[in-house]
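*Asks:* Just need the structure, nothing else, for what follows:
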Amino acid sequence: MSQVLSEAPRPAQLRRPRLGFLGVGWIGRHRMQAILETGMAEAAAIADPSPEMVAEAKKLAPGVRRVDGLGAMLAMDLDGVVIATPSALHAEQSTRALERGVAVFCQKPLGRTAAEARAVVEAARKADRLLAVDLSYRFTEGMRRIREIVQSGELGRIYAVDLVFHNAYGPDKRWFYDPALSGGGCVMDLGVHLVDLALWVLDFPGVAKVSGSLFAGGEPLGGRPDRVEDYAVATLGLESGAAVQLACSWRLQAGCDAIISAAFYGTQGGAALRNVNGSFYDFTAERYRGTARETLASPPDAWGGRAAADWATRLAQGARFDAGAERLVAVSEVLDRIYGR
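*Replies:* Predicted coordinates:
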């Protein structure tokens, strides 16, 4: 009597999500490329008012369909949308997509205020759809190593955090300078990364108090509703007793393209991420023991598209609403308090 040998079960094949890309300027195309390079998703639709940007995006996905906007995308039964539009549109567009059962990856900020961000997160929860924001500096190798060390307790009790992001150029789009469209200036654009890194590394502790000083053109911003800040300093007092200080700016005359750093100091040591030679992209991370230092990470590190690739991969794996999205609101609440809202 012959035996019939059954084959071992094969792993289920992941279905590649069909994605729409809303806004394919430089940042939108870069995230599109990062997602497509994973092989985990396909580009089904793109929308952008610029024919030149559309033409560039089609080089990444020649068969992609150009549509007029989000409404046309949502009529295509997509699995997810990648949003890279002006800040004033993020919350409304994200909510519309989520309410149609479509997952969302959005550029920062998710909303101009905590109320806007909270509404999007609630829409994601209700729809049970994956929501993520492009807080890309979390995905640098240096910040990942620093977070691991801090959370392991090796640095002791963290009591001080210093963060800086100075961009010598500033945005080149007019809407960035309109408070109604942007929600704020350099704090909304750059400070969001600093606040997120501080809270993320420390596992989102409670924030007891926040103070901030905002400047525009070298003068205190005051109550000017027609201007946004181009320089800001802020201090966060955490419920743990730790002090977080941050500074950010556009067009600071700092002698280089950018100054970016995130330093964490504890009772048993310290660790810091710093950009190299004014670069926006190259970073070193070091651990400190007294006057000695140890390198944790150094260039090259192709980190820019990792947040988008991570979202697409999780979407392909069937991930739905992630309670971690609630922490996006915590970051927005701190920004509101810096602005005195």
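
*Asks:* Gly270 sits in which helix or strand?
*Replies:* Assessed by DSSP states H and E, Gly270 sits inside strand 269-275.

*Asks:* which residues touch that strand?
*Replies:* 140, 142-143, 145-146, 149-150, 154-156, 258-264, 282-289, 296 (CB atoms under 8 Å, 6 or more residues apart in numbering). Where you see a C-beta, it was placed from the backbone N, CA and C, and this is true even at glycine.

*Asks:* what's downstream of it, the next helix or strand?
*Replies:* That would be, after strand 269-275 and using DSSP H and E, strand 283-289.

*Asks:* That next one pairs with which strands?
*Replies:* strand 269-275 (antiparallel), strand 292-297 (antiparallel) (DSSP bridges).

*Asks:* returning to that earlier point: now the strand holding Gly270, how far from the chain's geometric center?
*Replies:* Distance of strand 269-275 from the chain centroid (CA atoms, centre = their mean, to the nearest Å) equals 20 Å.

*Asks:* buried residues in that strand?
*Replies:* By 16 or more other CB atoms under 10 Å, the buried positions in strand 269-275 come out as 269-275.

*Asks:* now stretch 180-188
*Replies:* Buried-residue list, stretch 180-188, by 16+ other CB under 10 Å: 181-188.

*Asks:* helix or strand for Ala43, which one?
*Replies:* Using DSSP H and E, Ala43 sits in strand 42-47.

*Asks:* Summarise which helices and strands that strand is packed against.
*Replies:* Here strand 42-47 touches strand 18-22, helix 26-37, helix 51-60, strand 65-66, helix 70-74, going by 3 or more CB pairs under 8 Å, 6 or more residues apart in numbering; DSSP states H and E.

*Asks:* quick one: that strand to chain centroid distance?
*Replies:* 21 Å.

*Asks:* Make a ChimeraX selection of the buried ones in the contacts of strand 269-275.
*Replies:* Of the contacts of strand 269-275, the buried ones can be selected in ChimeraX as follows, counting by 16+ other CB under 10 Å:
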select :140,142,143,145,146,149,150,155,258,259,260,261,262,263,264,283,284,285,286,287,288,296
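
*Asks:* so which of the helices and strands packed on strand 42-47 is the most packed in?
*Replies:* Among the helices and strands packed on strand 42-47, the stretch with the highest mean neighbour count (mean count of other CB atoms under 10 Å) is strand 18-22, at a mean of 25.

*Asks:* Given that strand, what are its sheet partners and their directions?
*Replies:* Going by DSSP bridges, the partners of strand 18-22 are strand 42-47 (parallel), strand 80-83 (parallel).

*Asks:* Next, the angle from it to helix 26-37.
*Replies:* 170 degrees (axes from the mean of the first three to the mean of the last three CA atoms, to 10 degrees).

*Asks:* With just CA atoms, put strand 18-22 into PDB.
*Replies:* Extracted in PDB, the C-alpha atoms of strand 18-22 (Å, rounded to 0.1, in the frame of the first residue of the first chain):
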ATOM      1  CA  ARG A  18      -3.700  49.300  -3.800                       C
ATOM      2  CA  LEU A  19      -2.700  52.800  -2.800                       C
ATOM      3  CA  GLY A  20      -3.500  56.300  -3.900                       C
ATOM      4  CA  PHE A  21      -0.900  59.100  -3.600                       C
ATOM      5  CA  LEU A  22      -2.400  62.500  -2.900                       C
END
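
*Asks:* quick one: it to helix 51-60, angle?
*Replies:* Using the same axes, to 10 degrees: strand 18-22 against helix 51-60 is 150 degrees.

*Asks:* Touching strand 18-22 from outside, list them.
*Replies:* 28, 31-32, 35, 41-48, 57, 64, 67, 69-70, 73, 76-85, 93, 312.

*Asks:* Repeat that for stretch 169-179.
*Replies:* Applying CB under 8 Å, 6+ apart, the contact partners of stretch 169-179 are 86-88, 181-182, 185-186, 189, 225-228, 230, 250-251, 257.

*Asks:* could you dump stretch 128-136 to PDB, C-alpha only?
*Replies:* The C-alpha coordinates for stretch 128-136 follow below in PDB (Å, rounded to 0.1, in the frame of the first residue of the first chain):
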ATOM      1  CA  ASP A 128     -10.600  50.300  12.500                       C
ATOM      2  CA  ARG A 129      -8.100  51.400   9.900                       C
ATOM      3  CA  LEU A 130      -4.300  51.800  10.100                       C
ATOM      4  CA  LEU A 131      -3.200  55.400  10.600                       C
ATOM      5  CA  ALA A 132       0.300  56.700  10.700                       C
ATOM      6  CA  VAL A 133       2.100  60.100  10.400                       C
ATOM      7  CA  ASP A 134       5.500  60.700   8.800                       C
ATOM      8  CA  LEU A 135       7.400  61.300  11.900                       C
ATOM      9  CA  SER A 136      10.500  60.200  10.100                       C
END
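
*Asks:* I'd like the distance from it to the chain centre, please.
*Replies:* Centroid separation for stretch 128-136 versus its chain: 9 Å, with CA atoms, centre = their mean.

*Asks:* what pairs with the closest residue to Gly191 other than its chain neighbours across the strands?
*Replies:* Nearest residue to Gly191, sequence neighbours excluded (CB to CB, 6 or more residues apart in numbering): Cys248, at 4.6 Å. For Cys248, the beta-bridge partners under DSSP bridges are Phe165, Ala232.

*Asks:* got the helices and strands packed on strand 42-47 as CSV, with distance to Pro109 and mean pLDDT columns?
*Replies:* Formatted as CSV, these follow (distance: least, CB to CB, whole Å; pLDDT from 0 to 100):
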stretch, distance to Pro109, mean pLDDT
strand 18-22, 16, 98
helix 26-37, 14, 97
helix 51-60, 22, 97
strand 65-66, 27, 97
helix 70-74, 18, 97
